[in-house]
Structure formats: C-alpha cells, structure tokens
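Novice: structure for the following, please:
(2 chains)
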Amino acid sequence: MTENGPVPPAAAGLQTTTDQSTTDQSTTDQSTTDQSSTHQPTTDQSTTHQPTTVHKTSVDGISELWEDQRTKTFDFDFDMYNSKPWMLAKIVLCISIITLTYVLYALHELPWTIFGFGIGLLIYGVAPFFAGLILGFGFDDMKKALAVGIVIGLISMFLALAIFVAPYSMGLADYTGEFMLEAWFYFFISIINMISFVPAGVAVGTASNMYE
Amino acid sequence: MKVRSLKQALHWLFLVVGILCLVLLVVSTRTYLGFASEGYGLSADLESVHLSPDDDPYWVGFTFGLKNPGKLDIDLQTATLTIGGDEFRLPTNTPYPQTPQGQYPVETIPNGETISVVLWFNVGKTIHDNIAMNGQVNVHIDMELFVPKRYCTTGLIFEDTAVIA
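Specialist: Numbers count the residues shown, from 1 in each chain, chains lettered A, B, ... in the order given. Alright, predicted model coming up:
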C-alpha cells in the first residue's frame, strides 16, 4: 500500500537538472584542478560562491514541486481510496468478482452462465483484469502488488472450486467420480485465466501510480 | 479525461460492480445448490390427467410440461407415483396404450426448451375406480433425473391435486 506515493516526474526532472549542474561542476572541478592555479576564475568562483544559494533553492523547489505534483497526482484523494476500509473492501470485492467469473464460467446449469458465447468469454477475461486493475491502484511497489494480486487470484480460484464441488461434498445429489475430473478441469482453466489477467490488471494499475 | 479522474470513476464503478457481483455470487451459489438438491432447475407443470377406459390394463396418465431453463440437457430416467401410500413405478418398456399428445418414453429434456411429456402408471382396478369416482387425485410424483454433463443423479418431486380430464 502506498503511504508516501510515487516519485513525481517533475521532481525527478528537477533532480536531473541538479545532476546536470553536478556534472557541470565535476567538469568544472576537472578544470578547476587543472586551472586551480591558472585561469577561468569566473567559473571556479561561481562554483565556490553560489553552491549554498543554488543548493538551497533547488531543495526548496523540489519539496514544493513534490507537494504540488503529489496534490495533482492524488487529487482524487489517494489516501482515502487506499485507506484501510477501502483496501479491505477492494480485497473482498476483488475476490467476489474473480470468484463469480470462474463460477459462472463453470456452472453451465445456471441460466445466467457466461459459458458458451462471445460476450461471456469477454467477461471471463475482462472481469479479473478489472479487479486486478483497481487493486493495483493501491500500490506503488510492483512486486508487492503482483504478489498480493496473485494471492487474491489463488484465493478466488479455490473459493470457486469449493463452490463447484459443494453439492458433491455436501451430498446433495449422487455424483459419479467423473464429476471431480470436471471440477479439476475448470480449476485448471481458471489457473490459466488467473495467471494471465489478474497480474496484468495489477501491473497496469500499479504502473499508472508510478508514471502518472 | 485525466487519469486521476478516471481512477476515481473506476473506484466507484468497481464498488458498484463488486457489490453486484457479491450479491450475484450468493444468489448463484444458492441456486446451484438448490438445483443439485432438486431437479437441476427443471420445472414441471401438470397439463392434464387421463384415465384408461374401464378395462384392463388400468392406468392413469399425466401430461406434464417440463421446462429446462438451464444450459444442460437433463435425462428423465424414471418416476414413481404415490397414491394413498401405494407406490407405482413408471413402466419403461410398455408402450403407451392410447398415445395422446406428448412424448413417451422420455429420454432427454433439451436445455432451454419446454417439452410435453406423458407419464403413465399401471395403478390397478381399485385405485382406478376411486379416481374415476372422485374425479380428482392427489398426485405425488418423484422423478429421477440424470444430468450427463455433471455425472449427477437427482430428483424432482411434484405434488398437486389433479382433476381428471
């Protein structure tokens, strides 16, 4: 979860400027070494006199720009949307969206199943991606985001499997052994789906926090 | 649209979609468990009841409209009629005596379709005469269903008071 937020590009840009000045300085230093006793006192002087002022201004500028960029970037109230209650809600709803997708794909008996037609296939791909995307908005660390996304995907898969085999395990009807083969088949399909679309969504969501 | 506004909109869209999904997940699970425990979504409407002429064999025939709203074919394997504590099993190999409208023997109720099915039972003279005298009968039919794609055998119980046509 993001507490401090990502590095604003403007700040990064400013840093580059500072770096450049440093590079310049190093160049100048080189020349300084060469010409410490010789000419070009102006340049040398500027580096010797100005550092305090320039440095101070740059730091102030960075923090101002940082705050400004942070406000701009997160003016949809990033802290609120990634607060604990929201994150908890996101996790629960992510699990329910992904689980529902897998359940509706496997349960052909339901009149609202998504199996067997084009829009259903689209939903099968888009829903886990969407869930991962929103989850990813809460992170600025890609590795952590992917790990959390995959864990949530795995929980959803096992939950979907549990729902699928519930009548079998609860003894609501008489099943033959082939039923479990069917269950594992849909579990396998959901692995392929989960490993493709959930991390993709999470990655896009997290990346948008980094490069906005 | 700026990315931040899009994110905000997506968060609220996610909240709405997520809550709907949660509700739908609960409904789907309950429906699925209900399907498995009884009838796999099959619904039966009794359309008419026929009695045999007063002659051997004595039978009573029920014409049902069976609706299969799901996406799986369902096989009707057998049925048991209970009248006054006596049980009568659906004969499987005997042809229907006077073939009214409907299919018999029924093998499959195709997914998404409603078909008319006739179930008839040899009931014996005493019960036949009782039904004929009362003009109606309390029906309790237990249908045994098999769902091939789920390798599952389940049942559907139909109870009603039927008036003889």
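Novice: remind me which residues of the chain are low pLDDT?
Specialist: No chain specified, so I'll use chain A. A:1-60, A:68-78, A:210-212 (pLDDT under 70).
Novice: you looked at the wrong chain, it should be chain B
Specialist: The model of chain B has pLDDT under 70 over residues B:1-4, B:91-106.
Novice: residue of it with the smallest distance to chain A?
Specialist: Closest contact between chain B and chain A, by CB to the nearest CB, is at B:Gly18 (2.8 Å). Glycine gets a C-beta too; all of them are placed from N, C-alpha and C.
Novice: near the closest residue to that residue other than its chain neighbours, how many other residues are there?
Specialist: Of all residues beyond its chain neighbours, the one nearest B:Gly18 is A:Leu93 (2.8 Å), with distances taken as CB to CB, 6 or more residues apart in numbering or on different chains. Using other CB atoms under 10 Å in any protein chain shown as the criterion, A:Leu93 is surrounded by 22 other residues.
Novice: surely A:Leu93 meets B:Cys21?
Specialist: Yes: A:Leu93 is in contact with B:Cys21 according to CB atoms under 8 Å; the separation is 7.0 Å.
Novice: still on that earlier bit, which strands and helices lie in contact with the strand or helix carrying the residue nearest to B:Gly18?
Specialist: When elements are assigned from DSSP states H and E, A:Leu93 belongs to helix A:84-106. In terms of contacts (3 or more CB pairs under 8 Å, 6 or more residues apart in numbering or on different chains; DSSP states H and E), helix A:84-106 is packed against helix A:118-136, helix A:142-170, helix A:178-211, helix B:3-37.
Novice: okay, these in JSON lines with distance to B:Arg89 next?
Specialist: Converted to JSON lines, the helices and strands packed on helix A:84-106 look like this (distance: least, CB to CB, whole Å):
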{"stretch": "helix A:118-136", "distance to B:Arg89": "41"}
{"stretch": "helix A:142-170", "distance to B:Arg89": "26"}
{"stretch": "helix A:178-211", "distance to B:Arg89": "27"}
{"stretch": "helix B:3-37", "distance to B:Arg89": "22"}
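Novice: any chance of those helices in TSV, plus mean neighbour count and distance to A:Tyr102?
Specialist: Listed next are the helices and strands packed on helix A:84-106 as TSV, based on neighbours: other CB atoms under 10 Å in any protein chain shown; distance: least, CB to CB, whole Å:
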stretch	mean neighbour count	distance to A:Tyr102
helix A:118-136	20	8
helix A:142-170	18	4
helix A:178-211	18	4
helix B:3-37	16	10
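Novice: which of these sits closest to A:Trp66?
Specialist: helix A:178-211 (15.1 Å; CB to CB).
Novice: what's the burial count for residue 110?
Specialist: Because you didn't say which chain, this covers chain A. A:Leu110: 21 neighbours (other CB under 10 Å).
Novice: chain B was what I was after
Specialist: A count of nearby residues for B:Pro110, using other CB under 10 Å, gives 11.
Novice: fine by me, thanks again.
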